[in-house]
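>>> requesting a structural model of the entry that follows:
(chains A, B, C, D and E, ligands or ions: 5)
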Amino acid sequence: MSYIELKDITKSYHAGNNILEQINLTIEKGEFFVLVGPSGSGKSTLLRMIAGLEDITDGVLKMNEKVVNHLQPKDRNLSMVFQNYALYPHLSVEQNILFGLKAKKVSKAEQQKRLKETAEMMGLSELLDRKPRQLSGGQRQRVALARSVVSEAPLCLMDEPLSNLDAKLRAQMRVEIRRLQKQLGLTLIYVTHDQVEAMTMGDRIMVLNDGEIQQVGKPITLYNEPANLFVASFIGSPKMNMGKTEIKDVSNFLVNKTLSFSADVRMQKAFQVHKNIIAGIRPEHIQPAIHQEATHSLEVIHVEQLGNETSLALDVGGELWTAKWPGQWDITAGNQLEVYISTEHLSFFDAQTEALIRPASFSGHGEVQAI
Amino acid sequence: MSYIELKDITKSYHAGNNILEQINLTIEKGEFFVLVGPSGSGKSTLLRMIAGLEDITDGVLKMNEKVVNHLQPKDRNLSMVFQNYALYPHLSVEQNILFGLKAKKVSKAEQQKRLKETAEMMGLSELLDRKPRQLSGGQRQRVALARSVVSEAPLCLMDEPLSNLDAKLRAQMRVEIRRLQKQLGLTLIYVTHDQVEAMTMGDRIMVLNDGEIQQVGKPITLYNEPANLFVASFIGSPKMNMGKTEIKDVSNFLVNKTLSFSADVRMQKAFQVHKNIIAGIRPEHIQPAIHQEATHSLEVIHVEQLGNETSLALDVGGELWTAKWPGQWDITAGNQLEVYISTEHLSFFDAQTEALIRPASFSGHGEVQAI
Amino acid sequence: SNDAEGSSEATETEDGKQIVTFWHAMGGASQEALDKIVASYNESQDEVEVRAEFQGTYDEALTKFHSVAGTDSAPTMIQVFEIGTMSMVNSGHIEPIQKFIDEDGYDMGHLEENIVNYYKIDDQFYSMPFNSSTPVMFYNKDAFEEAGLDPENPPQTFEEVEAASKAIVESNPEMKGFALQAYGWLFEQLLANQGALLLNEDNGRSGVATEIGFTEEQGKSIFEWVERMNTDGTFANYGTNGDNMLAGFLAEDVSMFLQSSANSRDLIDNAPFEVGVAFLPHPENVEREGVVIGGASLWMSEGKEEAEQKAAWDFMKYLQSPEIQAQWHTDTGYFAINPAAYEEELAVEMHEENPQLKVTVEQLQATNPSYATQGAVMDMIPEERKIIETALESVFNGGDVDTTYQTAIEQLNAAIETANKARGE
Amino acid sequence: MRIPFGRKIVTYLLLIAAAFLVFTPTMMAVVMSFMTNQDIMTGSLPSAFSLDNYRRAFEQFPLLHYVINSFLVSIAIMIGQLILASLAAYAFVFLEFKGRDFLFYLFIATMMVPFEASIIPNFHTIRDLGWIDQYTGLTIPFFAMAFGTFLLRQNFKQIPKELREASQIAGMGDVKFYLKVVLPVAKTSLITLGVYGFLTSWNMYLWPLLATTNDNVRTVQIGLRQLQSQEQMNDWGVIMAGAVIVIIPTLILLFLGQKKLQRGLTEGALK
Amino acid sequence: MTNMTAVITQEDQALFVRTKRKQRYKQFIKGILFLLPSIALFSVFLFYPLLRTIYLSFFLTDASGATTVFVGWDNFVTLFQSTIFQQSIKSTFLFVLYTVPLTIVISLFLAIIANEKLKGIGFFRTIFSSTMGISVAAASVFWLYLFHPTIGFLNIIMDTFGLEKVGWLTDPSWALIAVAVTTIWMNIGFTFLILLGGLQSIDKYLYESADVDGAGYFYKLRRITIPMLSPTLFFVVTVTIINAFQTFGQVDILTQGGPQNATNLMVYSIYREAFTNYQFGSASAQAIILFIIILLMTIIQFKLGERKVHYQ
Ligand SMILES: Nc1ncnc2c1ncn2[C@@H]1O[C@H](COP(=O)(O)OP(=O)(O)OP(=O)(O)O)[C@@H](O)[C@H]1O
Ligand SMILES: Nc1ncnc2c1ncn2[C@@H]1O[C@H](COP(=O)(O)OP(=O)(O)OP(=O)(O)O)[C@@H](O)[C@H]1O
Ligand SMILES: O=P(O)(O)OC[C@H](O)CO
Ligand SMILES: [Mg+2]
Ligand SMILES: [Mg+2]
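Residues are numbered from 1 along each chain as shown, chains lettered A, B, ... in the order given. Ligands and ions are numbered 1, 2, ... in the order given. As a prediction, this is how the structure comes out:
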């Protein structure tokens, strides 16, 4: 049952300069829908249009099968977390949280009950009497979140609701939001630029760039089969390494004029169809040559210790590629490093259209991919 | 050469309620110093005190060996990125960026040069004529960042300067800031709650909780040898798994009443000194029993695919522990999972004092830790 | 600086004419008439240039004069209403006109007697009379006719006015009979018409007045008269606003009212009916005494150069001339202070056309010279007017006559006392 | 955000009704200024259209001269007030010093002193300074303005403190911050205050009457006052014509200012 | 971190104190410099007259305003015994009561309906603010005509509806109301403009957030608009009260204080006492009393009001 339906939705602030271009999209009831895209790509704008805060320049917005283009925000029965919190500066935290409930004339007892629950969940119990200006950035964000949560509206729109929280709290919130969403059967549209949030929370992700939809799909699909170069480089952190690909001879091809791989039949065909091809490989797929034999040897430019993993900047034909290895590796910059790169793990894109030609094959899930 | 020195710095908004408690700290010239801590722990406050925007309630602040408690912000020769940007609403992006330079009477040519460089670096070149209200959240943040960068003040204070940027842009910015800092020899104090930023950018990290310093040290030290339970659970994402530890018999101990490990001599001694001990293990150290033999078997409660890694929620004596395995694993929730956990990887903390008793041993860096 | 040009600091124009600054309080149509005269004077000779400058109401102009008196900003001459006479005399910053009369051997004998009576204090002229008026009763001749009243024989007494009012209202319920503006000046005139003094010490002319000079009967008669008409429902209340009353008269809302003769021209010209002008009424039981002259006179500043004062004196004399007075009289309805003006062709023509204008002159000439009609002099008369006006309004609005009267008398006496004390002599 | 149709209609109805009520007196004056005295006095609808009243109004006083004087005086007062009030308001909001609150309350207290009550001593002052009949006497006494200081203080208080902090760090002194940030950010209030200052100066009548003795420096309101007479019959047509002449420049100014005001008012905030 | 001594040395301490003092001194000087032009002019044109007024209030004066007899508190005593003055105070308070709340409510109403983003709204805003551009003299003339008993628009309307004509300016029970109506009309323009400005500077996100929360029109009005507008409202109320206490021009032109002193508001009374009666002593005493009344009202307003006001 499609709950929200966008048909050819377009938005422009000034005629002739579209911020959003022909957005077509359906979101199911109870779905957790994540919206990602670079800064300025129109995520907030789209959210605000769904909320009814921004006029729809063109196109049809349906909710529950009904056209709602003309409906007031308050008649759309939704709640929203604003990117800039939009707290009422003159009201205390408690009053901020209860604002909507009072407006909807929810009973006092129910108000207090929900307030207590929500404040506890968000760790705000001690701050209920403060005014927003007496709160830290993260505390403010939690109030904004609480305000949305407490409303229990069937549709929730959240614009980067966790961006100002620390990792620990964020992890906790992630779980809470997800739990709540499931429990109440909420439909949630969630803007984020946190990779982990996007991958773990969303039932589906939509990638927006420059006002145009790049791809919509399950998180893992977007990761494994990015529809184009943009998605490939946007999803996944560190980003996918990319390199121009040239055919050296019938069965071999070169990436970035440096890495040589053997080409199978399917690939040879591909090279015939597409003139310029770009190969991409995810950082975790440039693996240490431990369990496999080394395929290439690369110079280490820079090493970063992240604690649970080590990030290596490698020189590939003059370009910097990143490899990410789990655990802590004592590798010195400047050394040559033996690595193993499987052709399987290469994705190929058409350099002109930027579209995916062949995704990396994950040869049947369930097998260990990279250890 | 200690550049900034904090001695017993204390801050309270209302008498008797200290926001910051006796902060002692030295920061070296040219150091990239990262400040982390949960929301509301006092990071922004500390930064503002260094900037001279907030009165120091008690203690001494020195810069360049000179007491500066009394100095005006403008006499401290620093730049700052505010958590809420603090852009001048009436000025265009360009004017915002140049604001400080004009104030300092930097030559026109120099202004234009720096503007061009900075705008390019921040991806703002196209937006120079816009007013702040016409920018998206991330764009505003970049303007705030540009304003600080362009000033080339020897000391930079940044309060979550990248929190509103998407992962890709953030990665790029991380590199740029780091490069700039090195190139200009800036001293940078940087507030963030992004694990990756903290680990990769900082020369040293300080963890703040509730206005008190928890630990100061190199990123990797904090990760590997967290001074106490707080740091252990705060640094690292997903957070370290923790469990109460009991001695079963002379050579064995139980974690969370479930996981049994054999105890060596050193540990037996520890159990004599400390009454209650908590063991911690990082998610990446609960490993698939592939290259090693399985030590334990745990029920899988929940599986999350992050694309480059898989996060598993496991039941350990009624508590949820997280394991994180690189790559994509097709594991079904509800199944029993064979895992390998090395006693080596356990950290031990005193439950009372919360202090570290013994860190996980990383048996000599340079060896592969987890493949 | 340039701005100062033409202010009272410069006493000569660029082409060497003596400048005379003349402050006045004539607004509206009167200002038009005055400006015309000043222009004609300036053209009539080439020694003097009079600059007439409006300074607000009589009150404001006087206050302002007091504030600048003795400084360079003071004008050469100023127009002050009759009741400001005493305060001007007391100010010590004026040059009594008598000095110029004596020096020049000028004869003031051509002036209207009542005017002389009013302005001659302690046997000398302090100021030069200029614009003088008396109150008259205007009535609607057409309405009189309709009500069966004789339009050529207007009521003379309070009682006759009452009766006429009743007749008017009976014949036309839309029209009220009589209106009295709550204006202290009119009250003073109605007192004088009964031969009553406003102040003791012969209206302050034999010595400094110490309290009011009229009896309870004299004072109350006016209040009671109004009250009676009020109960009859024949009285129209226009409060203190003269203009409203005039408009009401013109719109045939009221058939009779009292007002300064200065309005004659305007009324006759604008009324869509025949306007009658009659003498001020008086109570039946007393003889008509006559009226006090109103309006204003011209004063000379002290401490100005002789040439300047001489020039101003010349202008004052010019204003006295029959031609000018005739013009002033016909343009405004103020009297000609110089009766010779009535012989002027202009005036004759006008009187022929509008015989009503003559009534005002006749009334003045029918006045018995006495302390009562000579008019009161004291520096608190403006305050007296306010007190009386409040009392009148109170009666208009149905207030009790006795208490109203008592309150007013107390306030009047207190005001006199304060004024005497304030002089600090 | 779109406004629902029903509410739009209701709002328009209210707007029209309110506009009608508010504007009736003014409209009426304009209509009357073109009516003959006969029509006005009989209270009938206009039967003829005449410019006679205007002609007579222009004849009675040097109107153009008055209008120019009014402009000079009003603009001088407006500028003086803006400068002094914004300086003072800046001190009250952004500078912390001892006695600040006391001074602020002292400023507020000055609003309590009715101008008419101090008009005589003030008149004596400008008399002694030789400012009678000078533009200085007409303008300078009004430069300091507690009201404006109060208005701007309320507005400056809304400026986020981070802006001050950011510029402090940039090494910007108070004067520069005042000029470069506070004034532009508070533009709207400055315009409002400027319009207010201009209009109140334009509308003053007691003081200009007192502080001037001749037509050279007199302002247009005095002309309007001269049209009304004390006890003689008012010529309503001419008076209304005078009134219309007097209000036309201010209404035009307001009309022009309105657009600017609107634009200024929508300047964005902080985050 | 070894040689970190946690104590502040004496030298440091002395340095802090010295620089603190120097800074405070500098701030003080700076503050005074910013305020200097205003203070100077206030001193000459407000404080000096005020002192002079206080001085005069203990004297009787002659017509030119020069003091003649020292009477101590007599002027005050006389005033408090005078029924005219009592009436004047009563009228003034009544007048404030009539004008202030209505001015605010009407202007707020206008500001709110003119705050909508509609086509042609600029036209309505101009109309609503237009009365600001109409001088006291002109406005009073307009209303003088409207209130005219015979040809006035109001009475003509009354007449057409078959109602009794009202003596707007002559009936003591109506006159104050008539002056109040004129004043409200005159004040609407400016108050409207200020309130509209206040409304427009409220962050639109707050409304969006409330919209999403399902708040209705009046709920938003009560819970967001009014509280967020409170600094502006506070300002407007203060100024309107002060202005109401200082009303002069309308009275001067419409009623001259009459009928029966019903509209003899304090400032007019002061003016009359000085300009007509030449009692500068008594006028000064009245001015002092008025000053004290307004001062008290404002102090009360600040004490009660500013706490409720929300500043950003
Ligand atoms: N009022 C406006 N006028 C003109 N352009 C605007 C306006 N508001 C937003 N924009 C532009 O619209 C584009 C989309 O903005 P939006 O806020 O939706 O971005 P976003 O995807 O939410 O970005 P971020 O992640 O940085 O918040 C941006 O380029 C922005 O500059
Ligand atoms: N003006 C104030 N009055 C009272 N308490 C305040 C004030 N400003 C901040 N606080 C409190 O001080 C504490 C520290 O705030 P601070 O802004 O330094 O936190 P932070 O570490 O920057 O948090 P975040 O990561 O959420 O920005 C918080 O608990 C906050 O509520
Ligand atoms: O208006 P006027 O000139 O007729 O004067 C009337 C009275 O006498 C003024 O006191
Ligand atoms: Mg956004
Ligand atoms: Mg913070």
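>>> contacting residues around residue 124?
If you meant another chain, say so; for now it's chain A. Residues counted as contacts of A:Leu124 (Cβ atoms under 8 Å, 6 or more residues apart in numbering or on different chains) are A:93, A:97, A:118, A:139, A:142-143, A:146. Glycine gets a C-beta too; all of them are placed from N, C-alpha and C.
>>> if you could check chain E rather than the one you did, that'd help
Neighbouring residues of E:Phe124 by Cβ under 8 Å, 6+ apart: D:15, D:18-19, E:114.
>>> is it possible to get a markdown table of those residues that adds neighbour count and pLDDT?
Listed next are the contacts of E:Phe124 as a markdown table, based on neighbours: other Cβ atoms under 10 Å in any protein chain shown; pLDDT from 0 to 100:
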| residue | neighbour count | pLDDT |
| --- | --- | --- |
| D:Leu15 | 22 | 92 |
| D:Ala18 | 19 | 92 |
| D:Ala19 | 19 | 92 |
| E:Ala114 | 27 | 90 |
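>>> now, the most widely separated pair of those residues?
Farthest-apart pair in these is D:Ala19 and E:Ala114; separation 9.4 Å (Cβ to Cβ).
>>> which stretches of chain C form strands?
C:18-24, C:48-54, C:77-81, C:94-95, C:120-121, C:124-125, C:128-133, C:135-140, C:176-179, C:235-236, C:254-260, C:275-278, C:294-301 (DSSP state E).
>>> quick one, which of these gets closest to E:Lys30.
The minimum distance between E:Lys30 and the strands of chain C falls on strand C:48-54, with 47.0 Å, by Cβ to Cβ.
>>> closest one of the contacts of E:Phe124 to E:Tyr98?
Nearest to E:Tyr98, judged by Cβ to Cβ, of the contacts of E:Phe124 is D:Ala18 at 19.9 Å.
>>> distance check, that closest one against E:Leu110.
Using Cβ to Cβ, to the nearest Å, one obtains 6 Å as the distance from D:Ala18 to E:Leu110.
>>> report the set of residues contacting both of these two.
By Cβ under 8 Å, 6+ apart, the residues touching both D:Ala18 and E:Leu110 are E:Phe128.
>>> now do the contacts for C:Asp46.
Applying Cβ under 8 Å, 6+ apart, the residues contacting C:Asp46 are C:Lys17.
>>> what's the per-residue pLDDT of it here?
At C:Asp46 the predicted local confidence, pLDDT, stands at 87.
>>> quickly list the domain ranges of the chain.
Because you didn't say which chain, this covers chain A. A:2-226, A:238-358 (automatic domain parsing).
>>> actually, chain E is the one I wanted.
Chain E breaks down into these domains under automatic domain parsing: E:2-56, E:82-308.
>>> closest one to ligand 3 among these?
Taking Cβ to the nearest ligand atom, domain E:82-308 is the member of those nearest to ligand 3, at 11.4 Å.
>>> report the distance from that closest one to the chain centre.
Relative to its parent chain, domain E:82-308 has a centroid offset of 9 Å by Cα atoms, centre = their mean, to the nearest Å.
>>> by neighbour count, which of the contacts of A:Leu124 wins?
Ranked by the number of neighbours (other Cβ atoms under 10 Å in any protein chain shown), these place A:Arg142 first, at 30 neighbours.
>>> that one should be in a strand, yeah?
No. Membership of A:Arg142 in a strand is not supported by DSSP: H, G, I helix; E, B strand; the rest coil, which gives helix.
>>> find the nearest non-adjacent residue to it, please.
In space, and not counting its chain neighbours, A:Arg142 is closest to A:Met122: 4.5 Å by Cβ to Cβ, 6 or more residues apart in numbering or on different chains.
>>> my guess is the one you found contacts A:Ala144, does it?
No. Between A:Met122 and A:Ala144 no contact is recorded; they are 9.8 Å apart, counting by Cβ atoms under 8 Å.
>>> mind pulling up the pLDDT for residue 276?
No chain in the question, so chain A it is. Model confidence at A:Asn276, given as pLDDT, is 88.
>>> to clarify, I was referring to chain E.
In this prediction, E:Thr276 carries a pLDDT score of 78.
>>> for it, give me its contacts.
Contacts here follow Cβ under 8 Å, 6+ apart; on that basis E:Thr276 touches C:59, C:382-383, C:386.
>>> and the helix or strand containing D:Val175, what does it pack against?
Assigning secondary structure by DSSP states H and E places D:Val175 in helix D:174-177. Under the contact criterion of 3 or more Cβ pairs under 8 Å, 6 or more residues apart in numbering or on different chains; DSSP states H and E, helix D:174-177 touches helix D:63-94, helix D:161-169.
>>> I'm done for today, thanks for sticking with me.
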